[in-house]
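>>> predicted model and sequence below, questions to follow.
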Amino acid sequence: MKYPPQHHQEANFENCVYLAKEYPLATVISSINLQIHSSHLPLVYQENDSLGVFVGHLDKFNPQLEALEKGLEVELIFHGPEIYISPTTYQTTQLPTWNYFKAHFKGSPRIITDKETVKQSLISMTEVLEGNEQRYRLDPKNPRMKAALDYIIGFEITIIAWEGKHKISQDKHTNDQLLAKEALFNKFPNSKKVINELYRNHQTKKTPLD
């Protein structure tokens with residue numbers, strides 16, 4: 001298979017999950033009745049005996065809800081750091097390109113109808129998104145949340161397939177790869193730890209001839 005290039009494919013599932021945890025706002029794509037719908041929703045990963053599930057919520061008036069209610073397969077795309085790479089970045093002669101970290105998951109959705117379960121998932125998601133500092137905790141008795149529950153639909157998406165698209169100049173000379181990484185550091189100085197982890201855990205898919 002000539003596309004996608006094998007050297008841009010991430011072979012480490014855990015590295016894709018790590019990206020999804022660090023950048024939880026996913027593009028959720030579905031198709032129903034010859035119409036494609038997409039939403040941008042924060043999703044929280046939970047382990048299970050298989051590949052795991054993503055838990056999220058959406059507005060009951062979102063037209064994408066119909067596809068989720070029918071259990072139609074959805075595509076999730078998580079977006080990590082990305083950058084335009086000018087040929088001036090490299091030491092060798094190259095063409096302009098774009099480097100990025102992306103994680104794709106295909107999944108089977110299931111709607112959560114119990115309001116108490118949805119409320120607890122909202123509380124849990126807030127804890128995850130607040131991170132280690134936990135500056136805010138969502139009170140189970142919060143009146144705004146109680147009112148919002150009439151308009152919020154909970155769901156979980158069971159992962160059935162995944163694909164990592166990590167294009168980080170793997171096909172370039174070693175020095176050029178380091179310069180491309182440095183360009184990412186310069187653009188995202190507050191994300192050096194995450195970028196380093198994505199690089200450190202990166203495993204390139206092998207072709208049958210490797």
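Nice, I can see it. If you're wondering where the values come from, they're calculated on a predicted model, not measured in any experiment.

>>> which secondary structure elements does the longest helix belonging to the chain sit against?
Looking across the chain with DSSP state H, the single longest helix is helix 115-130. If you count contacts as 3 or more C-beta pairs under 8 Å, 6 or more residues apart in numbering; DSSP states H and E, helix 115-130 packs onto strand 44-46, strand 53-59, strand 152-167. Every C-beta, even on glycine, is put in place using the N, C-alpha and C of the backbone.

>>> what's the last one packed up against?
For strand 152-167, the helices and strands in contact under the criterion 3+ C-beta pairs under 8 Å, 6+ apart are strand 9-10, helix 13-22, strand 53-59, helix 65-69, strand 97-112, helix 115-130.

>>> let's have the ones you listed in JSON lines, adding distance to Lys165 and mean pLDDT.
Converted to JSON lines, these look like this (distance: least, C-beta to C-beta, whole Å; pLDDT from 0 to 100):
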{"stretch": "strand 9-10", "distance to Lys165": "7", "mean pLDDT": "93"}
{"stretch": "helix 13-22", "distance to Lys165": "9", "mean pLDDT": "98"}
{"stretch": "strand 53-59", "distance to Lys165": "18", "mean pLDDT": "97"}
{"stretch": "helix 65-69", "distance to Lys165": "24", "mean pLDDT": "95"}
{"stretch": "strand 97-112", "distance to Lys165": "4", "mean pLDDT": "97"}
{"stretch": "helix 115-130", "distance to Lys165": "24", "mean pLDDT": "94"}
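
>>> so which of those comes closest to Ile36?
Nearest to Ile36, of all the helices and strands packed on strand 152-167, is helix 65-69, at 9.7 Å by C-beta to C-beta.

>>> buried residues in the closest one?
For helix 65-69, a neighbour-count test (16 or more other C-beta atoms under 10 Å) marks 65, 67-68 as buried.

>>> now the helix or strand following it: how far from the chain's centre is it?
Sequence order places strand 74-85 as the next helix or strand after helix 65-69, per DSSP states H and E. On the basis of C-alpha atoms, centre = their mean, to the nearest Å, strand 74-85 sits 7 Å off its chain's mean C-alpha point.

>>> export the helices and strands packed on strand 152-167 to TSV and append columns for distance to Asn33.
Shown next, in TSV, are those (distance: least, C-beta to C-beta, whole Å):
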stretch	distance to Asn33
strand 9-10	32
helix 13-22	29
strand 53-59	18
helix 65-69	8
strand 97-112	16
helix 115-130	27
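
>>> tell me which of those sits nearest to Leu138.
Taking C-beta to C-beta as the criterion, Leu138 comes closest to helix 115-130 out of these, the separation being 4.3 Å.

>>> now the angle from the closest one to helix 13-22?
90 degrees (axes from the mean of the first three to the mean of the last three C-alpha atoms, to 10 degrees).
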